[in-house]
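In: dropping the sequence and predicted coords here.
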Amino acid sequence: MGVMKTKEDIELTENEAKELWENARKHLPSHQVVISETIFQKAGSHKICWICGDDKDLYLLTVETNEGKRINAIMCKDCMTIQASMGLKIIDAKKIK
Ligand SMILES: [Zn+2]
């Protein structure tokens, strides 16, 4: 899969991850927002995979929504691979340190 290539690892703070979420949630389906916010509450962090809650092997993604809007999302490698195979348009992926 060619989309998994990353140029350089990036640093991301919890505050930055939370800001990314506050922006992204407006563009996500409401069931996904509920699932992710439950995960954040349990983990006490937004710097985890927004889909499964993993805190290892994280990537900062730029993805394109169905409406053609570009948003950032944090996913682990497994979820990124699954979502990509389900048709998620990944514009960019950077590994988080
Ligand atoms: Zn995951």
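Out: Nice, I can see it.
In: from what I see, C76 and K56 are in contact.
Out: Yes - between C76 and K56 there is a contact under CB atoms under 8 Å: 6.8 Å. Where you see a C-beta, it was placed from the backbone N, CA and C, and this is true even at glycine.
In: the more surrounded of those two?
Out: C76 (21 against 9; other CB atoms under 10 Å).
In: which residues does the more buried one contact?
Out: With contact taken as CB atoms under 8 Å, 6 or more residues apart in numbering, C76 is in contact with C49, I51, C52, D54, K56, D57, L58, Y59.
In: quick one: low-confidence parts of the protein?
Out: 1-7 (pLDDT under 70).
In: any idea how far L12 is from E19?
Out: 10 Å (CB to CB, to the nearest Å).
In: cool, and Q41?
Out: On the measure of CB to CB, Q41 and E19 end up 17 Å apart.
In: more neighbours: those two, which one.
Out: E19 (13 against 9).
In: show me how far stretch 68-86 is from its chain's centre.
Out: 6 Å (CA atoms, centre = their mean, to the nearest Å).
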